[in-house]
Structure formats: structure tokens, C-alpha cells
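> predicted model and sequence below, questions to follow.
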Amino acid sequence: MSKNYTNMDDLFRDKFENFEPTPPDHIWDNIKSRIAERQSGKGNSGPGNNLLLSLTGLLVTLGILSSFLLINEDIPEKITPTETFIADAGTESLAVVSSETETAIFPVEATNDINAATKADIQEENIFQEENMPGTSKDKDKKKKKSGKKKGGQPAINPVVTSTVPAERTGKLSLTAKATPLKAAAVDTRYSSESETVNRDMKADNQNQPLTSISNRNTHDDLTSNLSDLYGSHNDYGKEGEWILGAFLTPEIIQYPSDANLNNYSYGFELAAIWKRKNFFIQSGAGLSLAKDQGKYNINYNKYLGTYEDVYDVTFDSIGNELVPTFHTNMVAVYDTVKHVRIENTKRKYTYINVPLLIGYSEEFRRFGWFVKTGPSVAFMIGKNEPVASEGDEEFRLLTIENQLPDRISTQWSYLLTAGMTYKAGNKINLSVEPVFRYHVNPVYDKATLQTKHPYSIGLRMGLLYNF
Amino acid sequence: MYSEEELVKRCIKQDARAQEEFYRRYAPKMYGVCLRFAKNKMEADDILQEGFIKVFINLKTFRNEGSLEGWIRRTIVNTAINMYKKNVKYQQDVEIDKADIKQHAEMSAFEDIAAEELLKLIGELPVGYKMVFNLNIIEGYTHKEIGELLGVSENTSKSQLSRARQTLQRKLAELQNKKHE
């Protein structure tokens, strides 16, 4: 059919109206696989993300394990929680005996004449002589320990603590030490200063009375607290690590390399616990972050032009000799057929809980210090406010509302790298400021076209640190 | 073969057969749109693919108040615009060129011209001209809307349309001459 086109625009419109070329088959194959992938992973997971999840889980586990090992690094390996506290009646010496036979034994004399170096050299066999004395609880303990070893092939864990306190002079039980040889205490009693403390306490309580035996069954925790009672504060035993509590405020801007329109801001508040040993530290905690997006709707509509009365029925009545028609009508609104578009901007708000796990290194010079830290962080969306497009003042017939900004995904993994400075503002208070670089391991938005380019964010974290 | 409404419902329920039927029904027409907007066939394939993925994802938001085909078309056009914006780093605002916006009245000579030939002519336009021409002349967007969608001023949109028309008229004349030779 030939047509006479009055202008070029009509020519193009008409020719393209029924232009329907066949797309290549591979497009549908790609679409099908992408949809299937999305359905199986609900949009933000997949084989890659499972791997990511596993890796992060591994990292977190390693972090926890590392911190546990660091905390326990001070404790000599060979000393087990089961130890026997012995006060030798003959020599008035106090010794700590481990359940393991090869464990070093550190006697402590209950006199003021202390020569820790020589006291610590008391031979293992001497101790066994004491332990082998018939009728004492030590003998029983030893048997228990031996049987425990045979059964398990491991040193027996026996929380029996024996303090031998002869009550010959008083005729009654004279308990001095609640007998709590902890691992750390056992080590520290090698040194004369601690030994002196112990012995002075012992003497003060016992007034040099010979010790008889008494057995107390205590748990390891009891032993710990008892030792604290006996020895006083642990501060003297060397502080190998310290705990720091931090509160941080972090404004961030997220850059999306794939689409400049997706840049957005977030503000985070985080409480963190930091365990620091020498120059290294581990930091974790939880924080709330508020993110804002510029949402955009494309609203397609037809304009309202007016109304007309649509006659849907006519009835006739006879009035006198005349037939009078009655028109039954409906009011019908009229809209144009042009597809108009209106752009509506909205503010969207999201709330996340962040859980980072960072390791770092720090140095201090007088009041100032610097540090670097890095590690993974996971954020869980806990709230969102996405306003819907408004109806507008103008009367119109709504065709479609297209959301131009993709939805955010609910779980985000990112990797943090920060470096900053601290300032010692008080005895226990430090201020810190640190630029933060965050690489988002998975995209912030659930947008298929943005899966390959990862966003990153830059922020400035300001913090207040409290040293315990 | 499902009715349009039934097809949409089934696609929302992730019925694979319905999704394929949906695609087969609308893809050819949308591919024509993609070819007009894209700078080459490969880009057209990408637009169609990403556009249809968006369509399937957002199909649940489709209200039956308007035409489904129109809704799909707008999604495809928006995908093309996003692709264009990603590729265009810098766009200069230009003054409206009022030199020659009159149209040649006689177009009857082109009644037998094929859409593929017109597509080729559009494909030879500079990318900005092509976007504005497609959006305004074929898709019916106003200059204000085009300005908002592309992030340019209304004047730039008008100017680019004017130049696109001039270029196309010249090319059409050349094509006409070739045919007469």
C-alpha cells in the first residue's frame, strides 16, 4: 500500500511502526539463564556469593581463633588447670605442683628469707617424696592423676586443690591459702617478688603454724577468684593485652562506577571493642548506618481533557400526545492519547546494621599515634523507607510508573581499609580520625546490569576511644 | 497461546513457558526499537537482553491500566537511554539552530523505502541526534521530557532534533538520487 507522506517525521513513524526484525536466538538463552540464576539466588546470591560467604565465614572464624590464641599466648603450655598447692611442713615451703609429672615445680618458702632462685630448683623427686607420704590427700591425688592419664592418654583434669596445713598446735584446721595456683600465678611465683607476697600473706594468716592437709574441690573459676583474693590484683602480673572501647561516627559517600546516578551517602555510628596486644589489635563491634538514595520515578500518563455525557439508554414517555425522550447518560472522562512522562524524584532511606572484623597495627609517639587496619564487614538491612510516586495535582490517567532506581540488596559484604591517627586526650581517652576506603564485594543494588562493576565508598571515621 | 492478562500472570509466577512466549511475542518489535537506538547490532542485543530482564523483574509492578506493549517499550527505551548515558562522557549544550528547520514537503518519493534503509540512515546520525530524533519523532517524548531523561537542556534537545532532521533529509535526498540513477 502506497502512502503520500506530508513530512519526513510521518515517513519514519510509519515505516518503523511495523518494523519487527527477529532477534538472535542467543539473547533469549542469556535472558533465560539470567532469570533462572536470579530465581535460584533470589537476586543477590549465586555461586560467587556462596564462595564469598564461605570466605567471610572463614575470615571471621580465623579472626576469633586468632584473638583467642593471642589472649592465651601468655600461659605456659605445660601447666594444666589441675594443680596441687603444697605447703611443706618441714621446710615451711609452698610449692605448686602440676598434675603433669614433667611440669616444673616452683616452691615458695613461707619465710621472709627468700631466695627464689634456689627455691625454684627444688627437685621434682623431693616433691614426690612429700606426695608419697601415706595417708595424705596428695597420695590420693597422685593416684587419681595417674589413672586419669592412663584412661584418656591425656593429663588428667582434676580440679582438686590441696593445701596442707598442719593443725598440731592449734588443734583445729588452719586454712591459709585457698590454694588457687592458676597458670599465670604458677609462672609468676618463680620470681621472688611474687613469692614474697605469697609467703607474707601465708605467714600473716598462719602465724608460722605448720600446715596440715585439707582438700577443697574447686572449679577452675573458683581458683581464679581465690587467687585474686589471696594475691590481690593481677595488675602486677604483667598486662600483655588491653581492651579499648570505641565509638565512631562515619559519613561515607558511595561511588558506583557503572552509573553516576547511583551515587549516594550514608552516615554510620558504630560501637567497637578493640583488643590490643603490643602493636597489633583486633577490632569488632556493631554499628547502625543510615543511607539515603535519590529515587526517581518515570510516570507515564495521558492528560485529562474533559468530560462528555455518554448516552447509554433512551426511554420515551408519552406526555399528552407527544413522545418525550429521556436520555440516560454516564459522564465519561476524556484523555488524550499522547503518552506523557513525568519525572518524580524521591528520597529513599535505608538502615543497616554493620558488623566489621578488622585487624590492625598501630604505633604511638607520646600523645600521637597512627594505625592501619583492614578486614571484612557485613551489613544487614533492617529498615527501609521507599516513598511511592505521588499522584500529582493534575488530573491524568496513569499508564505506568517506572522505578528508575533499582532496589537495594539486603545483605552487603564489603572490605575495609583504613589508616588514621590518634591523639591522647586524657589518661584513658583517645581521639581518632581515619579516612576509610570500602570496597563493596557485592553490589549495593539489585540491578542485573551492575553485577560486574563493584562500587566503592570513601568516608571519614571519627572516633572516641576509652582504654580500660 | 495465552491471553495477554494470563500471560502476565504466569510470567509473574515464573512460569518458564509463559516467559518464553512473552519474549517471542514482544521481542521482535522491541528489537526494532533497540536497533534504532543502538550504535551497532551488538549494543542492540545488549539493550534487548537487559531490557527484557528488567521487564521480567518488574512485571509485577505493571498495572493493567495501560497497554502492555507500551510499558515494555518504555522499559526498553529507558534501558537504551541508560546505555547511552553510560557511554556519553560529555555532552555540550548547543544553541538552537534555526537555519533550516523547514521540511521538504514532497515525501511521496519514499513510499517504497524499506525500514531497514531508514534504520541505516538513523544509524549514521551522531549518537546525540539519534537519541533525540528517536525519542521525539518516533516515541513521542517532548523536548522537556527528553531534556530530563538525557540530562540536557530543552534547547539542546531542540537543536539536536533540528540537526538530525537536516542530516536525514540530506541523506534521503542522496538515497533518492541513487535510486533514480
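That came through, no problem. Residues are numbered from 1 along each chain as shown, chains lettered A, B, ... in the order given.

> hey, let's count contacts and neighbours off CA atoms from now on
Fine.

> residues contacting A:Ile401?
When contacts are counted by C-alpha atoms under 8 Å, 6 or more residues apart in numbering or on different chains, A:Ile401 touches A:Tyr297, A:Asn298, A:Ile299, A:Asn300, A:Ala389, B:Phe62.

> how about a markdown table for those residues, with neighbour count and secondary structure added?
Output for those, formatted as a markdown table (neighbours: other C-alpha atoms under 10 Å in any protein chain shown; DSSP: H, G, I helix; E, B strand; the rest coil):
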| residue | neighbour count | secondary structure |
| --- | --- | --- |
| A:Tyr297 | 20 | strand |
| A:Asn298 | 20 | strand |
| A:Ile299 | 20 | strand |
| A:Asn300 | 23 | strand |
| A:Ala389 | 18 | coil |
| B:Phe62 | 18 | coil |
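
> and the residues you listed, which is the shakiest by pLDDT?
By pLDDT, A:Ala389 ranks lowest within the contacts of A:Ile401, coming in at 68.

> picking up where we left off before, could you dump the contacts of A:Ile401 to TSV with distance to B:Ile81?
Converted to TSV, those look like this (distance: C-alpha to C-alpha, whole Å):
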residue	distance to B:Ile81
A:Tyr297	15
A:Asn298	13
A:Ile299	16
A:Asn300	16
A:Ala389	21
B:Phe62	20
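
> what's the domain layout of the chain?
Just going to use chain A. Residue ranges for the domains of chain A, per automatic domain parsing: A:43-66+A:242-467, A:83-237.

> look at chain B instead
Here the domain parsing of chain B from automatic domain parsing is B:4-87, B:108-180.

> how about the first one against chain A, any contact?
Yes: under the criterion of C-alpha under 8 Å from any C-alpha of the partner chain, chain A is reached by domain B:4-87 at B:20, B:23, B:27-32, B:45, B:48-50, B:52-53, B:62-63, B:65-67, B:71, B:75, B:86.

> same check, this time on the last one
Yes: counting by C-alpha under 8 Å from any C-alpha, chain A is contacted by domain B:108-180 at B:108, B:110-112, B:114-115, B:118, B:137-138, B:140-142, B:145, B:148, B:169.

> show me how to select, in PyMOL, the buried members of these.
Here is the PyMOL command that picks out the buried ones among those, judged by 16 or more other C-alpha atoms under 10 Å in any protein chain shown:
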select buried, chain B and resi 110+115+118+137+138+140+141+142+145+169
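
> quick one: least confident of the residues of domain B:108-180 next to chain A?
Of all the residues of domain B:108-180 next to chain A, B:Ser108 carries the smallest pLDDT score, 61.

> okay, now the unreliable bits of chain B?
Applying pLDDT under 70 to chain B picks out residues B:88-109, B:181.

> pull the longest helix from it.
helix B:154-180 (DSSP state H).

> quick check: buried residues in it?
Buried-residue list, helix B:154-180, by 16+ other C-alpha under 10 Å: B:154-169, B:171-172.

> same check, this time on stretch B:118-138
So for stretch B:118-138, counting by 16+ other C-alpha under 10 Å, buried means B:118-119, B:121-123, B:125, B:127-138.

> in strands, which of the residues you listed appear?
Counting by DSSP state E, none of the members of the buried residues of stretch B:118-138 fall within strands.

> sitting in helices, which of these do you find?
Using DSSP H, the subset of these located in helices is B:Leu118, B:Leu119, B:Leu121, B:Ile122, B:Gly123, B:Val127, B:Gly128, B:Tyr129, B:Lys130, B:Met131, B:Val132, B:Phe133.

> what's near enough to touch the fourth one?
Shown in contact with B:Ile122 (C-alpha under 8 Å, 6+ apart): B:Arg36, B:Lys130, B:Leu168.

> cool, and the last one?
Contacts here follow C-alpha under 8 Å, 6+ apart; on that basis B:Phe133 touches B:Gln160, B:Leu161, B:Ala164, B:Arg165.

> can you rerun that using 7 Å?
B:Leu161, B:Ala164 (C-alpha atoms under 7 Å, 6 or more residues apart in numbering or on different chains).

> likewise the third one?
By C-alpha under 7 Å, 6+ apart, the residues touching B:Leu121 are B:Leu168, B:Lys171.

> what helices and strands are in contact with the helix or strand hosting A:Asn302?
Assigned by DSSP states H and E, A:Asn302 belongs to strand A:280-319. Packing partners of strand A:280-319 (3 or more C-alpha pairs under 7 Å, 6 or more residues apart in numbering or on different chains; DSSP states H and E): strand A:264-277, strand A:322-335, strand A:340-365, strand A:396-403.

> paired strands for it, with orientation please.
Using DSSP bridges, strand A:280-319 pairs in its sheet with strand A:264-277 (antiparallel), strand A:322-335 (antiparallel), strand A:340-365 (antiparallel), strand A:396-403 (antiparallel).

> and stretch B:119-127, how far out from the chain middle?
12 Å (C-alpha atoms, centre = their mean, to the nearest Å).

> let me know the closest of the ones in helices among the buried residues of stretch B:118-138 to chain A.
B:Leu118 (7.2 Å; C-alpha to the nearest C-alpha).

> just give the nearest non-adjacent residue to that closest one, would you?
Closest residue in space to B:Leu118, ignoring its immediate chain neighbours: A:Phe12 at 7.2 Å, by C-alpha to C-alpha, 6 or more residues apart in numbering or on different chains.

> in a strand, the one you found, correct?
No: A:Phe12 is assigned helix when assessed by DSSP: H, G, I helix; E, B strand; the rest coil, not a strand.

> please tell me how far it sits from A:Val311.
39 Å (C-alpha to C-alpha, to the nearest Å).

> more neighbours, the two?
Using other C-alpha atoms under 10 Å in any protein chain shown, the more surrounded residue of A:Phe12 and A:Val311 is A:Phe12, with 18 against 13.

> show me what A:Phe371 is bridged to.
A:Ser362, A:Gly420.

> picking that back up, which of the residues of domain B:4-87 next to chain A count as buried?
Buried residues within those, counting neighbours by 16+ other C-alpha under 10 Å: B:23, B:27-32, B:45, B:48-50, B:52-53, B:62, B:66, B:71, B:75.

> from chain B, how far off is A:Thr315?
33 Å (C-alpha to the nearest C-alpha, to the nearest Å).

> looks like that residue contacts A:Thr329 (just checking).
No: using C-alpha atoms under 7 Å, A:Thr315 is not in contact with A:Thr329, being 11.4 Å away.

> okay, these two: which has more neighbours?
Taking other C-alpha under 10 Å, A:Thr315 and A:Thr329 do not tie; A:Thr329 has more neighbours (13 against 10).

> who does the more buried one form a beta bridge with?
A:Val311.

> who are the neighbours in contact with it?
A:Glu309, A:Asp310, A:Val311, A:Tyr312.

> repeat that for B:Lys144.
B:Glu154.

> now do the host helix or strand of it against strand A:280-319, angle only.
Here B:Lys144, judged by DSSP H and E, is contained in helix B:143-150. Put simply, helix B:143-150 runs at 160 degrees to strand A:280-319, going by axes from the mean of the first three to the mean of the last three C-alpha atoms, to 10 degrees.

> what distance separates helix B:143-150 from the centre of its chain?
14 Å.

> angle of it against helix B:154-180?
Going by the same axes, to 10 degrees, helix B:143-150 makes 100 degrees with helix B:154-180.

> what's the separation between A:Gly383 and A:Ile458?
Taken as C-alpha to C-alpha, the span from A:Gly383 to A:Ile458 is 23 Å.

> which of these two has more neighbours?
More neighbours surround A:Ile458 than the other of A:Gly383 and A:Ile458, with 19 against 12 (other C-alpha under 10 Å).

> measure that one to chain B for me?
Per C-alpha to the nearest C-alpha, A:Ile458 is found 22 Å from chain B.

> and what of A:Phe16?
Using C-alpha to the nearest C-alpha, A:Phe16 is found at 6 Å from chain B.

> just checking, that residue touches B:Ala115?
Yes: under the criterion of C-alpha under 7 Å, A:Phe16 makes contact with B:Ala115 at 6.0 Å.

> counting neighbours, what do you get for A:Asn345?
Around A:Asn345 there are 15 residues (other C-alpha under 10 Å).
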